[in-house]
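**Student:** mind looking at a prediction? Sequence and model below.
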Amino acid sequence: MKIKVMENILSSNDQLAEANREEFNRRSITVLNVMASPGAGKTSVITELMRRLDGEVAFSVVEGDIASAIDAEKIEAMGVPVLQINTGGGCHLDANMIREAVQELQPPDHSVLFIENVGNLICPSAFDLGETLRMVIASVPEGHDKPYKYVYMFETADVVILNKTDLMPYINFDRDNFIQGVRALNEKAPLFEVSCSTGAGFSELVAWLKKQIR
Amino acid sequence: MHEYAVTRSIVKIVAAEAEKAGARKVSRIHLVIGDLSTIVDDSVRLYFPMIAAGTVAEEAELVFRRIKAEFYCKQCGKNFIKPAHGFECPVCGNLGMPTDIGKEFYVESIEIE
């Protein structure tokens, strides 16, 4: 006998993500799911944003990493509450990990929670965490072809950041081709070009983030 | 890339459906997977026996129906199959925009005894 099922394979994650989202909405917490390849500058962008908005809003951070606590230590050094999730080789964070992390971290109402996902442009895009916004970071040394290869990541981004723009003169990076690829997949997401080393582009990014805070 | 988690979900969904139907055994599982979902069939097949062991689905055969990703070309006003690299329209060369075709990711049906 054949039984029709028609159930999305990740439906249990999606249900948990929706429950997370309801709680974040109820408590007016702005949650950014930060995704990028390893080394694109996720931690640097997060710490630079927190530094520039210090005193204006409360922050907390969930650090997803395969095994280390290096990034979490950097956040802790800033005096920001941080919870490290080691996925033990797992390639992504899921909604259940975030539910447990938030129970422990207890971010205050009207605060901003950064979730630094595992460095990977494929898997994290498939797992909804209940975030308010998906922040996707690419960096100049990775090359301009990233949107052409990682379609779903760029398609579902709510904001795209191009980091390490200070390296543009030294690297064969076709900026127009990169922007064209992002725009073909995603007409709406604002795109910010920044450098964590020089601070270039951050005032615009900070102004954007301030508008997202609830 | 994350087939372990995916395979676990498949087994969970199938076991729940089989239980509802009072099945003794699940003989076949039909999956519909779009090419943009980045799931490798062989990898799911590798994990399946380990994860399904001891469940009603342990002897089930996995049947994959793959769906090719389609992009929409604004200039030509129609869909095209996404080439292996990038998403240029094969007719006019402009970049297409994504559609929902190619993102399918669900358990379509099960065959039970």
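**Tutor:** Alright, I've got the coordinates. This one's a predicted model, so the numbers in the text were calculated from it and none came from an experiment.
**Student:** bridging residues for the spatially most central residue of chain A?
**Tutor:** Centroid-nearest residue in chain A, with C-alpha atoms, centre = their mean: A:Val34, separated by 0.8 Å. Assessed by DSSP bridges, A:Val34 has beta-bridge partners A:Glu116, A:Met135.
**Student:** for residue 1, give me the pLDDT.
**Tutor:** Since you didn't name a chain, this refers to chain A. At A:Met1, the pLDDT value in this model is 94.
**Student:** wait, chain B
**Tutor:** pLDDT, B:Met1: 62.
**Student:** quick check, the residue in chain B closest to chain A?
**Tutor:** B:Leu95 (3.7 Å; C-beta to the nearest C-beta). (Each C-beta comes from the backbone N, C-alpha and C, glycine too.)
**Student:** quick check: phi and psi at that residue.
**Tutor:** Here is the backbone geometry of B:Leu95 (degrees, to the nearest 10): phi -80, psi 130.
**Student:** you'd agree it is up against A:Gly181?
**Tutor:** Yes - with contacts counted by C-beta atoms under 8 Å, B:Leu95 reaches A:Gly181, the gap being 7.2 Å.
**Student:** what touches both of these two?
**Tutor:** Both B:Leu95 and A:Gly181 are contacted by B:Gly86, under the criterion C-beta atoms under 8 Å, 6 or more residues apart in numbering or on different chains.
**Student:** same drill for those two, tell me which one is more crowded.
**Tutor:** A:Gly181 (24 against 19; other C-beta atoms under 10 Å in any protein chain shown).
**Student:** got a pLDDT number for that one?
**Tutor:** pLDDT, A:Gly181: 97.
**Student:** in three-state terms, label the residue nearest to it when sequence neighbours are not counted for me.
**Tutor:** Among residues not flanking A:Gly181 along the chain, A:Pro147 sits closest, at 3.4 Å (C-beta to C-beta, 6 or more residues apart in numbering or on different chains). Classification of A:Pro147 by DSSP: H, G, I helix; E, B strand; the rest coil places it in helix.
**Student:** might you report the residue contacts of A:Pro147?
**Tutor:** A:138, A:154, A:178, A:181-182, A:184-185.
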